[in-house]
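> could you look at this predicted model? Sequence included:
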2 protein chains.
Amino acid sequence: MMANPIEFYFEFGSPYGYFAAQEIDAIGQEFDREVIWKPFMLGSAFKATQSMPLMNVPLKGPYCVHDWERMSKYTGTPWQMPEKFPTAILAAPRGFYWLKDQGKTTTAITFAKAAYKAYFADKRPMWEAEETADVAAECGIDREEFLQAVQTPEVKARLIQEGQAAIDAGVFGSPFIRVDGEDFWGWDRLPMVRDWLKNGKWG
Amino acid sequence: MMANPIEFYFEFGSPYGYFAAQEIDAIGQEFDREVIWKPFMLGSAFKATQSMPLMNVPLKGPYCVHDWERMSKYTGTPWQMPEKFPTAILAAPRGFYWLKDQGKTTTAITFAKAAYKAYFADKRPMWEAEETADVAAECGIDREEFLQAVQTPEVKARLIQEGQAAIDAGVFGSPFIRVDGEDFWGWDRLPMVRDWLKNGKWG
């Protein structure tokens, strides 16, 4: 019997999701679990939890800005604050599902990593569909096909549907990891995810 | 030159503060740093950050309830959900500063640990001053003196003042650890605190 996969929920505009994205595939490989990448729009979950982007919260905002800088050094992950943040990142998650629905899951994940890097390490304007299509092209995806696809009602609806499914499943943050029915919210919990995969149920 | 102390901010009604309280003194000892315990009322910080107790947030509430149960098993810390939660825990932090202001810092910390255990492990009604005085008495503190002290305007004002000082200093959560001017929010960050104390500035 195959072991359950790791479901990796993330938002393309989430710094903590970006940091977790650097580690999640290695965790999957270490414990022989498939990792299913599941981008969604965190904004919808914020409505359900009456939350707002950390960056906009008094006291928490300045803390997080410093935290992302030191996490970069702590984890060895490149980081630069984007020019525009927070903002809606739409073409990337739409493009992800468009690729995945064609059975191109590996390409979709490669693109997801490139999109994260473009936004959080290279200061590229990933809130723009044109720039996102450039990143897709750099991953070997047809630029014009990508650009057209992410503007169709079907692909737009697909992302909304994934976001609603995430909330219905109890997902409220980024990153959010589900494995064996157990939920882990936040980059900080990756050590606990590892421990779960290694030792199973505690107590 | 003495190394800087570790400032350990916490709220007596905070489960994550309770879990961190089990580990913080050992961290201080390991790295030869004094730990200054700083209880405050998180409710005031919630106003500043437009937040509310996690337990009351849709989706996050059920997640946390399960999280505290599994953290108990993961860390080996006794845990039982209090009969009344969340609720204002006032006598404990007031009593803490009353003890500390008499120079009885060690007794204050012993009492803080006992108060946390009473509420989060033993289901005792720590929202009641009488019960809190019982816990104080079990720590060798004069029960009647404690009970009278925590009802005086001076001691009440002392706690309010500490809470305002915490917010003014940028503290917004529980637990919240400050060392060498570096802030760490949440039980999840204790490994990063250890790494900071071991290796100093990253990068």
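That came in fine, so what should we check first?
> hey, let's count contacts and neighbours off CA atoms from now on
Fine.
> where does residue A:1 land on pLDDT?
pLDDT for residue A:1: 59.
> residue A:131 contacts residue A:119, doesn't it?
No: Residue A:131 lies out of contact with residue A:119 (C-alpha atoms under 8 Å); the separation is 10.2 Å.
> anything in contact with each of those two?
Common contacts of residue A:131 and residue A:119 (C-alpha atoms under 8 Å, 6 or more residues apart in numbering or on different chains): residue A:125.
> so those two - more neighbours on which side?
Shown here are residue A:131 and residue A:119; by other C-alpha atoms under 10 Å in any protein chain shown, residue A:119 has more neighbours (26 against 18).
> that one touches residue A:85, doesn't it?
No: between residue A:119 and residue A:85 there is no contact under C-alpha under 8 Å: 9.8 Å.
> what sits against residue A:136?
Per C-alpha under 8 Å, 6+ apart, neighbours of residue A:136: A:111, A:115, A:142-143, A:146.
> pull the most distant pair out of these.
Using C-alpha to C-alpha, the contacts of residue A:136 span at most 15.3 Å, a distance reached by A:115 and A:142.
> ok, back up a step: which of the contacts of residue A:136 are buried?
A:111, A:115, A:143, A:146 (16 or more other C-alpha atoms under 10 Å in any protein chain shown).
> which one of those is nearest chain B?
Chain B has its nearest neighbour among these in residue A:115, at 24.7 Å by C-alpha to the nearest C-alpha.
> Provide a list of residues in contact with the nearest residue to residue A:71 once chain neighbours are set aside.
Distance criterion C-alpha to C-alpha, 6 or more residues apart in numbering or on different chains; nearest residue to residue A:71, sequence neighbours excluded, is residue A:77 at 7.7 Å. By C-alpha under 8 Å, 6+ apart, the contact list for residue A:77 reads A:19, A:22, A:71.
> look up how far residue B:85 lies from the second one.
Right, residue A:22. 37 Å (C-alpha to C-alpha, to the nearest Å).
> residues in chain A within reach of chain B, list them.
A:48-51, A:57-60, A:63, A:70, A:73-74, A:170-172, A:183, A:188-189, A:202-203 (C-alpha under 8 Å from any C-alpha of the partner chain).
> filter these down to the buried ones, ChimeraX style.
One line in ChimeraX is enough to select the buried members of the residues of chain A next to chain B, burial here meaning 16+ other C-alpha under 10 Å:
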select /A:49,51,57,58,59,60,63,70,74,170,171,172,183,188,189
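> which members of the residues of chain A next to chain B are positioned in strands?
By the criterion of DSSP state E, membership of the residues of chain A next to chain B in strands covers residue A:183.
> pull the helix or strand with minimum mean pLDDT from chain A.
helix A:42-49 (a mean of 86; mean pLDDT, DSSP states H and E).
> now do the buried residues in that one.
Buried-residue list, helix A:42-49, by 16+ other C-alpha under 10 Å: A:42-45, A:49.
> can you redo the residues you listed as CSV with distance to residue A:33?
Formatted as CSV, the buried residues of helix A:42-49 follow (distance: C-alpha to C-alpha, whole Å):
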residue, distance to residue A:33
A:42, 25
A:43, 29
A:44, 29
A:45, 27
A:49, 30
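> now, which of these sits nearest residue B:11?
The shortest approach to residue B:11 among the buried residues of helix A:42-49 belongs to residue A:49, at 22.4 Å (C-alpha to C-alpha).
> ranges for the helices of chain A?
A:15-21, A:24-30, A:42-49, A:60-75, A:91-100, A:105-120, A:129-138, A:143-149, A:153-168, A:190-199 (DSSP state H).
> indicate which one of these is closest to residue B:166.
Short answer: helix A:60-75, nearest of the helices of chain A by C-alpha to C-alpha, at 13.6 Å.
> the closest one versus helix B:190-199: what angle between them?
60 degrees (axes from the mean of the first three to the mean of the last three C-alpha atoms, to 10 degrees).
> who touches stretch A:158-168?
Under C-alpha under 8 Å, 6+ apart, the answer for stretch A:158-168 is A:9, A:39-42, A:44-45, A:48, A:93-94, A:97, A:172.
> that's all I had, so thanks and see you.
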